[in-house]
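In: Got a predicted structure plus its sequence, pasted below:
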Amino acid sequence: MQVKNSFTKNSPSKFRKLNINRVIRQQGILIFLIVLVIIISFISSDFITKDNIINLLKQISILSIVICGMTFCLVGGNFDLSVGSIISLSGFIAVSLLSKNMLLGIVAAIIAGAIVGLVNGLIIGKLKANAILVTIGTMSIVQAILLLLSKGSYVQVPYEHPYRIIGTGFVYGIPVPVIICAIIIIISYVLLHHTTTGRRIFAVGTNRVVSKFSGINNTWITVFTFIISGVLAAIAGIILASRVTSATPKAGVGYEFDAIAAAVLGGVSLFGGSGNVLKAVTGALIIGIIANSMLLIGIPFQINLIIKGLIIIGVVGLDNYFRGRQI
């Protein structure tokens with residue numbers, strides 16, 4: 001009886017603390033997003049307008065597609081720093097082949113992204129090479145190939161070409177890039193969180209040794225995650241080239257770091273085995289809103305980078321704090 005009274009007396013406060021920690025970890029990104037939107041709405045009257053929201057969603061959609069692929073790699077315990085180069089390459093291929101056949105260009109661009117992903121996955125999965133170093137290497141190789149093909153110049157999308165609809169068109173008032181992004185997010189979420197393959201990706205990212213002894217083919221899972229990342233980066237490059245109506249060798253520079261930053265901001269672990277596609281995309285929304293608000297307010301781009309960096313450091317610090325409290 002005394003044990004029961006002691007439990008009743010001491011447990012509520014402990015449970016309250018645990019629940020608060022759990023709520024902050026699980027819903028903190030959503031709470032932060034809501035607070036951020038409210039604050040910016042008061043600072044700038046131009047933020048909550050139809051034109052600005054549409055422009056914001058079109059910008060975020062491209063990054064969100066890249067983030068979906070990056071989330072597969074991060075959950076599987078790897079990084080993919082080649083996505084920026086894949087974006088540039090795929091956009092260039094798609095636009096270069098428009099004079100022959102638009103569909104051919106799009107398919108060729110996606111295949112190119114898949115090939116780069118396959119190469120990354122095979123080297124990292126079979127040879128157990130460091131993912132950061134390998135993808136930096138493929139990033140440089142792809143960039144060099146693109147510079148040779150383009151000779152350092154850009155290619156323009158012909159005026160009023162149907163290809164422009166992919167990046168600038170609307171369907172019932174909704175931007176086409178946003179529709180494509182939404183479809184990819186749904187597919188990615190289902191694949192990663194509601195399939196056997198998805199569960200295996202989490203298992204490999206959590207503990208490769210245990211997953212191997214459980215009968216999981218670690219090499220295949222690694223190859224699969226990098227192919228997904230390469231294909232989605234290629235799709236993002238196709239949309240980006242259509243949206244800006246041209247393709248340049250430097251079009252995708254920086255997307256790899258923004259994708260990782262947004263994923264981490266959305267709670268995806270840098271150490272593998274933990275993450276959620278929807279929360280990762282929420283991280284992209286936050287980064288997009290910050291960049292958009294800085295532009296509306298007139299704050300220099302350099303300050304935007306500083307604020308982005310501080311937010312990421314803060315999120316990583318909080319994540320480590322709450323992880324430590326759970327041990």
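Out: Nice, I can see it.

In: Where does pLDDT dip in the stretch 1-150 of the chain?
Out: The model of the stretch 1-150 of the chain has pLDDT under 70 over residues 1-28.

In: how about the helices in it?
Out: Here the stretch 1-150 of the chain has its helices, by DSSP state H, counting those that start in this stretch, at 2-43, 50-75, 83-96, 102-127, 131-150.

In: Can you mark which positions in the second one are buried?
Out: Meaning helix 50-75. 52, 56-75 (16 or more other CB atoms under 10 Å). Heads up, the C-betas are built off the backbone N, CA and C, glycines and all.

In: And stretch 158-168, by the same measure?
Out: Result for stretch 158-168 [16+ other CB under 10 Å]: buried residues 163, 164, 166, 167, 168.

In: Can you tell me which residue is spatially central in this protein?
Out: residue 67 (1.0 Å; CA atoms, centre = their mean).

In: so residue 254 touches residue 84, yeah?
Out: Yes. With contact defined as CB atoms under 8 Å, residue 254 counts as touching residue 84 (6.4 Å).

In: So for these two, which residue has more residues nearby?
Out: Taking other CB atoms under 10 Å, residue 254 and residue 84 do not tie; residue 84 has more neighbours (26 against 11).

In: ok, that one touching residue 252?
Out: Yes. With contact defined as CB under 8 Å, residue 84 counts as touching residue 252 (4.0 Å).

In: and of the helices of the stretch 1-150 of the chain, who's closest to residue 274?
Out: helix 50-75 (7.0 Å; CB to CB).

In: which secondary structure elements does the closest one contact?
Out: Contact here means 3 or more CB pairs under 8 Å, 6 or more residues apart in numbering; DSSP states H and E; on that basis helix 50-75 packs against helix 83-96, strand 174-175, helix 176-193, helix 196-206, helix 218-244, helix 255-265, helix 277-297.

In: List the strands paired with the shortest one, with their directions.
Out: So the one you mean is strand 174-175. If you go by DSSP bridges, strand 174-175 pairs up with strand 170-171 (antiparallel).

In: can you give me the offset of the strand it pairs with from its chain's centre?
Out: 24 Å (CA atoms, centre = their mean, to the nearest Å).
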